[in-house]
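J.: Sharing a sequence plus its predicted fold:
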Amino acid sequence: MEKNKFNVTYEEYARLKADFEEKERKFEAQLWLDSTLNKFDGLLRENYAKSLHEFSSIVIQHIAELTNAFSGIIYTLDQSEQLLQATSGYAVNVEKLEKRLFRVGEGVVGQAAASAKTLVFENIPAENVEVFFSSAKVNVANIRVIPLIFNEVVYGVLELIFITSLSDTHANLLEKMSRSIATMIESILNNDVNQKLLLDSQEQTDLLRAQEEELRQNLEEIAATQDLMNKQQRELELKETEMYKKIKQVNVEKEALEAKEQQMKATLEKYQQDLDHYKSKDQEILKLQEELARYKKLKSTKAKA
């Protein structure tokens, strides 16, 4: 067997070279994988504050372009309703999908969420699935339905359609990306909940402040009303005192008038008595005058005789 100057056979050299190239390929693939994941994590962090719809739209576009997917859809899971909804799509208008909602366990999307396992469909017959370009139609080579899982909780499903075979490196990348996406969706949902709680708390605070202000105004109005009532009460008491004084004065004046009336009655009675007395005297005088006249007449008669 022929050997070179390093005393290694060509077969051993070829095997060592192949092992080295394989290790180099794996190293470069791992390096690319780590670098791509770091960039992806940076993209996720940059868009953390966006809405779930905006975040999903950016993520699905980035993944589809990175993996050369023909189209893709992100479904997010409503934990309370156990309902998956198409949130955003790449090369797909989710608003025009015939079916946008899947219950957990329903269809391929629902089954991926229920099993928490990636479902892969390869070598699909042309008559079953076809996708269309503007000028041609092509057969689908690969469909991957990947659950988005973080801490053993499913937060959604990623559905990707490929018209070319997917490399193991890209398949591995998608699995790792799915966990990062799930982590960020969990954070966004928690942030939405916290924002809602904060908003509710702020609304409650504003409501309490408004109620407090209303109560303060009511108390001020009550205090003003009480002051007015106290003032009116004092005025009523003063008026009542004045009225008592006036009543007392009127009673005194009334008593004085009654006494004066009694005195006038007594005077009037005495005057009436005097008047009656004078009338009797007048009658006596009249009788005397009559007798005097008769006497004069009789005397005159006697003198003539």
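T.: Happy to help now that I have it. What you see is a predicted model, and the numbers here were worked out from it, not measured in a lab.
J.: Do a quick rundown of the strands in the stretch 201-305 of the chain.
T.: Under the criterion DSSP state E, counting those that start in this stretch, the stretch 201-305 of the chain contains no strands.
J.: low pLDDT regions in it?
T.: 304-305 (pLDDT under 70).
J.: same thing but 90
T.: Applying pLDDT under 90 to the stretch 201-305 of the chain flags the ranges 201-216, 218-305.
J.: how about the helices of it, start to end?
T.: Counting by DSSP state H, counting those that start in this stretch, one finds no helices in the stretch 201-305 of the chain.
J.: swap in the stretch 51-200 of the chain?
T.: Counting by DSSP H, counting those that start in this stretch, the helices of the stretch 51-200 of the chain are 52-67, 107-115, 168-304.
J.: List of residues touching the first one?
T.: Yep, that's helix 52-67 we're talking about. Residues outside helix 52-67 that contact it (C-beta atoms under 8 Å, 6 or more residues apart in numbering): 36, 40, 43-44, 47-48, 50, 69-74, 76, 87-91, 158, 160, 162, 166, 170, 173-174, 177, 181, 184-185, 188-189, 192. To be clear about C-beta, it is placed using only N, CA and C from the backbone, and glycine gets the same treatment.
J.: which phi and psi does Glu152 have?
T.: With angles defined as degrees, to the nearest 10, Glu152 sits at phi 60, psi 20.
J.: Distance-wise, check it relative to Glu186.
T.: 12 Å (C-beta to C-beta, to the nearest Å).
J.: what about these two, which has more around it?
T.: The neighbour comparison of Glu152 against Glu186 (other C-beta atoms under 10 Å) goes to Glu186, with 16 against 6.
J.: Might you report the residue contacts of the more buried one?
T.: Contacts of Glu186 by C-beta under 8 Å, 6+ apart are Phe150, Asn151, Val153, Tyr155.
J.: and the residues you listed, which two are the farthest apart?
T.: Asn151 and Tyr155 (9.7 Å; C-beta to C-beta).
J.: more neighbours, these two?
T.: Neighbours around Asn151 and Tyr155, counted as other C-beta under 10 Å, are more numerous at Tyr155. The numbers are 23 against 9.
J.: Distance of Glu232 relative to Leu199?
T.: Glu isn't right for residue 232; it's Gln. For Gln232, the distance to Leu199 (C-beta to C-beta) stands at 48 Å.
J.: and if you look at Ile185?
T.: Distance of Ile185 to Leu199, given as C-beta to C-beta: 20 Å.
J.: same deal with Ala259?
T.: 87 Å.
J.: just Glu255 next, same as before
T.: In terms of C-beta to C-beta, Glu255 sits 81 Å off from Leu199.
J.: same thing with Leu257?
T.: 82 Å.
J.: cool, Leu44 as well?
T.: Relative to Leu199, and taking C-beta to C-beta, Leu44 is found at 24 Å.
J.: And Phe162, by the same measure?
T.: Per C-beta to C-beta, Phe162 is found 42 Å from Leu199.
J.: same deal with Ser71?
T.: Per C-beta to C-beta, Ser71 is found 36 Å from Leu199.
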